[in-house]
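Asker: Need coordinates for the following:
(4 chains)
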Amino acid sequence: MNLLILFAALLAPVLAATPATGLSVETPAYSDGLTLSLSWTAPDDAHSLILLRSDQGEAGPWHVAAGPWPGTKAEHQDKVTTDPTKTPPAAHYWYRLVSLDEDTAPPPEADGDDAAAAEQAYVAALLAGQPATAAVQGTPVASWLSASPGYLLLLALIVSVGGLMLWFTDRARKGHEMFIRRMPGIDAIEEGIGRATEMGKPVLYVPGIDELQDIQTIASMLILGQISRKVAEYQSDIVVSCCIPIVREVADEVVGSGYMLAGYPDAYNPKNVRFISSEQFAFTAGTNGIILREKPATHIFLGRFFAESLILAETGYVNRSVQIAGTAEATQLPFFVAACDYTLIGEELFAVSAYLSKDPRLVSSLKASDYVKVFVVVMLVVGTIAASFGSSFFIELFTISG
Amino acid sequence: MSAPSSSSPPVDKDKLERVLATDCGSTTTKAILIEKVGGEWRQTWRGEAPTTVEAPFEDVTRGVLNGAQEVAELSGRSLVRDDGAGILRTNGDPTKGVSAYISTSSAGGGLQLVVGGVVLSMTAESAMRAALGAGAIVMDTFAANDRRKPFEQIERIRQLRPDMILLAGGIDGGTRKHVVALAEMLKAARPRTRLGGGFDLPIIYAGNQRVTDDIERILGEMCDLKVVPNVRPVMESENLGPARDKIHDLFMEHVMAQAPGYDKLMRWVDAPIMPTPGAVGLIMQTIARQRGINVLGVDIGGATTDVFSVFDGTFNRTVSANLGMSYSVSNVLAEAGLSNILRWVPFDIDEKGLRNRIGNKMIRPTTIPQTLEELKIEQAIAREALRLAFIQHKEFATDLKGVQQERTIADAFRQTGQDSLVKMQALDLIVGSGGVLSHAPRRVQSMRMMMDAYEPEWITEVAVDSIFMMPHLGVLSSIHEEAATEVFEKDCLIFLGTAIAATGEQKPTGPALRVQFRLPDGTGVDESIDSGRLRRWELSRDDEIEITLTPLQRRLDVGEGPGKARTAKVRGGVVGLVVDTRGRPIHLPDAAAERVRKLQEWVEALGEYGAGGQSRWAGQGAD
Amino acid sequence: MEPSVLSSLDIAGAWVSIALTLGIFSFLYADNPVYKLAEHLFLGISIGISMTEMYYGVVRPNLIDKLAAGNVLSVVPLVMCAMLFARLASKKLGWLARIPIAFIVAAYAGVKLTGEANGNLMTQVAQSMPNLAELWRDHGIWDWSADGAGVFSGIFLVVGLSACLLHFYFSARQGPTMRGISRFGVLVLMLSFGASFGYTVMGRISLAIGRAQELLGLDKPAEEAAQIHPQLASVVCGVLVIAFLVVWRLRGGGAEQEEAA
Amino acid sequence: MAAIFTPGLKVTEHTIVLKDRRLPMEGEVAVSVGQAVRADDVVARTELPGKVYPVNIANQLGVDPGQLAQHMTKQVGDRVEEGELVAATPGFLGLFKSEATAPVAGTIESISAITGQVIFQAHPIPVEIDAYITGKVVEVHAGEGCVVQAAGTLVQGIFGLGGEVKAELMLSVDSADAVVDAGDIRPEMAGRIVVGGSYATVAALKRAVEVGVAGMVVGGFDYDEIKELLGYEVGVAITGGEKLGLTLIVTEGFGRIPMAPATFSLLKSKVGRRASINGATQIRAGVIRPEVVVTDDDEDAGVERWVPPEPKGLSIGDQVRGIRAPFFGKLGRVLALPAEPAVLDTESKARIMEVEFEDGEVAIVPRANVEAIEREEAGA
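Answerer: Numbers count the residues shown, from 1 in each chain, chains lettered A, B, ... in the order given. Sure, this is the predicted structure:
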């Protein structure tokens, strides 16, 4: 309550300026469904302007959407939410534009529990003391196409990567040899399988602890397919330890078909693909149990790992196994590097399946993504130079917005 | 390699004065006499005769006696016992006989082995190494992961008729399942021996020692099973000796005993008969050990090419079964591809015609090149055969696979993995043998072929085996090592000279290397050699000079680091000193016309070929 | 807050927690039954909890409640769930399970295509183009007061990022130039690994401190600790664990593992 | 070093042909010494062991290899049909039963308690070998095979592809130097052996396979066409097992080389007769050359095994043929046989001969680079 009084006290002596006119809200031409276009005619006497938004109705409650801006501003692209993957929380939005005079305080910057209350108080004070437009309604609608330079660039990239892949695949089929840099970590995988075979011990494979839809888990599943095929060729065993039930199901499928493709469907034992627990450290303890009691000769950790990386790798080290790890999780890489024989770093994880299979399609995609890397490097350099000379063209090019 | 058991009494090497050595090859039996001349061991006389293993003679000793007789006639001392039942021993009379007789054999196709292991690149490879080291030809390698279905493996084993089988697999205490599966597969296949006859196929088991009982139960009844210690007791090391010795023993007991006349020959010799390649390997190892050098040896034959290497004391041998100059010449074409052969031909040639020529060489393997053009084509093919066999060798001669690595954090980014043991920069000596190298009309041609195929780096000596006496010296080294190495250096090898090349990124034009030295006659040489050149100076084997090599490009390295000069002592040979600035790998222009021009330039620089022209009768200015 | 009186269940729970913590720590000595007990308890309980959570958090609100409300479309996920279990019912119908799996993978691949590209590619690129002029104006070459911001940092960002990216260029033989770039990229990666290693180790140590605090009762309000007697619990449990290990060892436990190793 | 020259390929109208007929493994010989046999008569037969199929039944059932034996419904040595049940687990209350079946009809060879593998052996494959040529059995190798001897015409080729074929001879072109192209292959050649000229084009060979020609004898063809025909290269000259569709015999070598006139006229004179041909070639160790045999069924070759005479050395006036460039395929006559080696263009020394070629050219040729053309031998 005392906040409101404070604001009222601040605002009260000030003579009200005129409200802005002609406030209109439109859905932009190529909208992501999260953005609304506002335009208005700025009043001559406003020192600054502030935009209020409500998702409930004309009566509010109101929140500060944007501003304060200098009083001459006449348009704004308003994002109703900052999370690009979400659909708008509400179907309709209402806006009011408030004209402020020189002495109006900026919106409060409060944290925690008081923030909502402080904002409410501030808004109430504004509406009480300053001239504002009437509420105008807008409805964000996602359009099928986006003309945002970021999206267009992304589309162009996807199309050109696809085109490059097709082209490289075609070239490969015609006998052009495609070179892939040597990666000892991947070479070591096959050696590790051989070692396990000779020692009469299984290979342990851990596809990370993230959900199936994580890109690293998907890459890991692809690799698991090829590794299990190799394991089957050696007529050896592979134990897969999974943290997510659905990942286990996929791993089961993938390992089974790996054995089938190798021509040894009868050698596959589904009991070796195990779901341990979806609780991170319970999973870690369970996997450690496998390491300690079944003593796999080779451990392969490929996928997305978190804090368990060091625990697993250290247990494996104690077990004197050959360990090959790979993750794109930058924070966990140091631990793998410290405790494993070979570590695939970041991008290398995504190159494994192409490297192992030598499948022209996969190799082509690797090559295409290499081109993207070069493109990005060129853009970084050019963009930085442009930015330094004041042009934000390249930054905007890479910005995805409505 | 320790000498396998034999009935012969041990030889007292101090009493050796004169040794007769024979090598019973598949077509000829070569005999040489090695004598102590004025305190030095020298090879003095040699003779040869057709091998007599096959019909109508069917007795290897007849060829041996014929060969020995030829040596006897040349040397004027009787070597063969009057009753023809052996080689005459000195027995106190210094004008007659020899103090020892030794022999090798590759007659009847040599010692043919099938090996098996669990993983192709691990225990199967260890087994292969043991077999190859013993001088065997590995007919096929079976493993759990050889990508063949079991019935295909069985079918193949049934087709093959090996002299024996070496079965390995699993470390001690390792896999049981796979080894037993291999044994069961062998049992189902019921392999038969090559020479047939009334004895069971010898199988040497050198695998997981904890499953010996199972193996005995499965294979014991079916074959002559011998159990020896594991060739790979732990992942981290090999133990090839016992398996190798057992192969030698069985070679004597079974294979030799079956071949016609060998029972006699075995009684004649003073040291166990060795398979020819095994003996060659032995002399290579001896030389490398005695001189403390790294050696690469090659024997290019009509059907196969053997490559031997000793690097830091580790011996490796590979046999490229289908790379040769006559029977398998078409296979060189198939594996290398026509364009790779063509790149060494210093003139334009129609491709279809070349293919037909090579095909005709395959079906007429005994013919020899008559024209210069044919010779050049043949030597182009030889380069590729040598190169391909060398690639196979490099891939095989590596550190053991499947070993846990103690890699540090800095290694995490290293992009090189397991390297070959064959490191050209550390190589000291290349020894070539086989018709196309030993009998090239000009020695410089042999030098060029080896330089092109092997691309020696920094400073490397190149030699050829003059009359292929390495096998003889190999067995000799088993009874008298010093004698063998002495003869090897003095009479066996013809030193061609020293090859010098820089490594590292090289600019295609401009000066590459500055060479400074003083020739024995006092002339000073100080030259800057441009990229892409070959330069030769006459220098004999007896002359040692001090040479200073200065890279003229920042990244070039002659052994002291990029751009740094190096001074070293080098010796020559019949060819002399050859400085090669063609880059490593050798840079050949892509455009045909440009390439031919470059090749001709190199040919001229070394004086490789004569002008060619009408064939001349002997005596009309030959030599 | 009111000083609370803990129930006996709460106190027992705290003791069990301490006992299990020590049980897990016993692994530092060797793999042993106490550790195994703790491990299996942990596994079992975690699965139990997650099953319950799944049911109440996911299955019930998203499937059962909707079905009960007569939402016909919810039959689709129900059928898909059932298909996942097809393999258990019969080997022949096992292929049915692939359909929902394929659906999940494909759907997410589609969603992630733009999502990942946006989050991991576009945004990062956009944010890695520093305005050097502005940096110079605001911070100069290096500004200690702003965590090292400045032109140097801007250039280092772009150059280091480019070198790292090029280090992961797989499809080309590396010439001397590329090797140099790659080496620099590796250097940058090593720097960041070192930093992240140190940072994470600090985190782990604080976790260890947390455990120690629990054992010593420092993590709870004094009045709670007074009821639990954590220090006593630690000593009692510790002695019990050690005593067990001694007996276990004397009776030959763990011998086979040593032999295997 | 005295006899270094290449023995020529036999091209003789009257000779004794000996054919060793052997089984791939021990079996039963159906003929006795002295018995007359027709080309198509079976002389020996055996049964090759069938393919072996190891199947990991323990994994299929989901049991330990050690427990496999108790679940097997068939035992070692039992005969099984394809798809027959060989093992099953009881399951739980009739549910979760696992079963395993035989992959092939045959017998159970072994059951392993260690690997869990059961090895099935398919039924044996009967193999019969015929006499190949019409003649008399002169020798029997008990359990292995026999030697058939006949009088007749023998033409050896230098290189061949494909195995044994018996059919009537027919001409495809009229002269020894004509090129055989697709147009020369006519439908009536189906099931015949076609004798051609200097060179067969790939099109001709493909057409011949299409028409169903049994065999083809030509002077030469291009080496790289082997790959086009077979899909792979023949790197080492060991042939006979190719699946080409017909048996091909090259009499001279690779390239466009007229068939030697003697060969051509001899084959021409046998047109309409039934010939036995074999493309099998092996140049290494125990040379085998492809051959065309036309037996003279009226002539009795006797029942004593004929011993071929020792090959004679070359002498002045003998007919020879160049077998390496630059005189490849050229025919000539020996003018001189100097004892001393000569220096060749290549600067290497070799034993040589002086040859007058048919076109009048006189040249020095290394002895290794010619082969003798064997003249008619009266035979036994």
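Asker: Return the set of residues that bridge with D:A336.
Answerer: D:E354 (DSSP bridges).
Asker: wait, what's in contact with it?
Answerer: For D:A336, the set of contacting residues under the criterion of CB atoms under 8 Å, 6 or more residues apart in numbering or on different chains consists of D:316, D:353-354. (C-beta placed from N, C-alpha, C; glycine too.)
Asker: give me that answer again for 10 Å
Answerer: Contact partners of D:A336, counting by CB atoms under 10 Å, 6 or more residues apart in numbering or on different chains, are D:316, D:352-356, D:362, D:364.
Asker: buried subset of these?
Answerer: When burial is judged by neighbour count using 16 or more other CB atoms under 10 Å in any protein chain shown, the buried members of these are D:352-355, D:364.
Asker: how about these, which pair is most distant?
Answerer: Spatial extent of those (CB to CB) is set by the pair D:I352 and D:V355 at 9.3 Å.
Asker: overlap in contacts of the two?
Answerer: Among the neighbours of D:I352, those also in contact with D:V355 (CB under 10 Å, 6+ apart) are D:336, D:363-365, D:369-370.
Asker: With secondary structure added, can I get these in TSV?
Answerer: Written out in TSV, the entries for these read as follows (DSSP: H, G, I helix; E, B strand; the rest coil):
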residue	secondary structure
D:A336	strand
D:A363	strand
D:I364	strand
D:V365	strand
D:N369	helix
D:V370	strand
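Asker: Looking at these, which is nearest A:G185?
Answerer: When the shared contacts of D:I352 and D:V355 are compared for distance to A:G185 (CB to CB), D:N369 comes out closest, at 56.1 Å.
Asker: Now that closest one: closest residue in space that isn't a chain neighbour?
Answerer: D:R324 (4.2 Å; CB to CB, 6 or more residues apart in numbering or on different chains).
Asker: Then C:I45?
Answerer: With sequence-adjacent residues excluded and distances taken as CB to CB, 6+ apart, C:I45 is closest to A:A282, at 7.7 Å.
Asker: can you tell me which residues contact that neighbour?
Answerer: By CB under 10 Å, 6+ apart, the neighbours of A:A282 are A:243, A:276, C:39-47, C:49-50.
Asker: element containing it?
Answerer: With elements delineated by DSSP states H and E, A:A282 resides in helix A:280-294, which encompasses its position.
Asker: any idea of the mean pLDDT in that helix?
Answerer: What helix A:280-294 shows for mean pLDDT is 90.
Asker: same check, this time on stretch B:117-127
Answerer: Confidence over stretch B:117-127 (mean pLDDT, whole number) is 92.
Asker: how long is it from one end to the other?
Answerer: Chord length of stretch B:117-127, first to last residue, is 7 Å (CA to CA, to the nearest Å).
Asker: Check whether that stretch comes into contact with chain D.
Answerer: No - on the criterion CB under 10 Å from any CB of the partner chain, stretch B:117-127 is out of touch with chain D, staying 12.3 Å away.
Asker: can you give me the offset of that stretch from its chain's centre?
Answerer: Distance of stretch B:117-127 from the chain centroid (CA atoms, centre = their mean, to the nearest Å) equals 22 Å.
Asker: same deal with stretch C:216-230?
Answerer: Between the mean C-alpha position of stretch C:216-230 and that of its chain there is a distance of 29 Å (CA atoms, centre = their mean).
Asker: Contacts for that stretch, please.
Answerer: Residues lying outside stretch C:216-230 but in contact with it, judged by CB under 10 Å, 6+ apart, are C:1-8, C:10-15, C:17-18, C:209-215, C:231-236.
Asker: repeat that for 6 Å
Answerer: Defining contact as CB atoms under 6 Å, 6 or more residues apart in numbering or on different chains, one finds that stretch C:216-230 is touched by C:3, C:6, C:11, C:14, C:213, C:231.
Asker: Let's see that stretch as PDB, backbone CA atoms only.
Answerer: Output of stretch C:216-230 as PDB, limited to C-alpha atoms (Å, rounded to 0.1, in the frame of the first residue of the first chain):
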ATOM      1  CA  LEU C 216      27.800 -33.700  11.500                       C
ATOM      2  CA  GLY C 217      24.300 -32.300  11.700                       C
ATOM      3  CA  LEU C 218      25.300 -28.800  10.600                       C
ATOM      4  CA  ASP C 219      22.800 -28.700   7.800                       C
ATOM      5  CA  LYS C 220      19.800 -28.600  10.100                       C
ATOM      6  CA  PRO C 221      18.400 -26.100  12.500                       C
ATOM      7  CA  ALA C 222      19.900 -26.700  15.900                       C
ATOM      8  CA  GLU C 223      16.600 -27.800  17.500                       C
ATOM      9  CA  GLU C 224      16.200 -30.500  14.900                       C
ATOM     10  CA  ALA C 225      19.800 -31.600  15.200                       C
ATOM     11  CA  ALA C 226      19.300 -31.900  18.900                       C
ATOM     12  CA  GLN C 227      16.500 -34.400  18.400                       C
ATOM     13  CA  ILE C 228      18.400 -36.500  15.800                       C
ATOM     14  CA  HIS C 229      21.900 -36.500  17.300                       C
ATOM     15  CA  PRO C 230      23.500 -36.800  13.800                       C
END
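Asker: Please consider this matter closed, and thank you.
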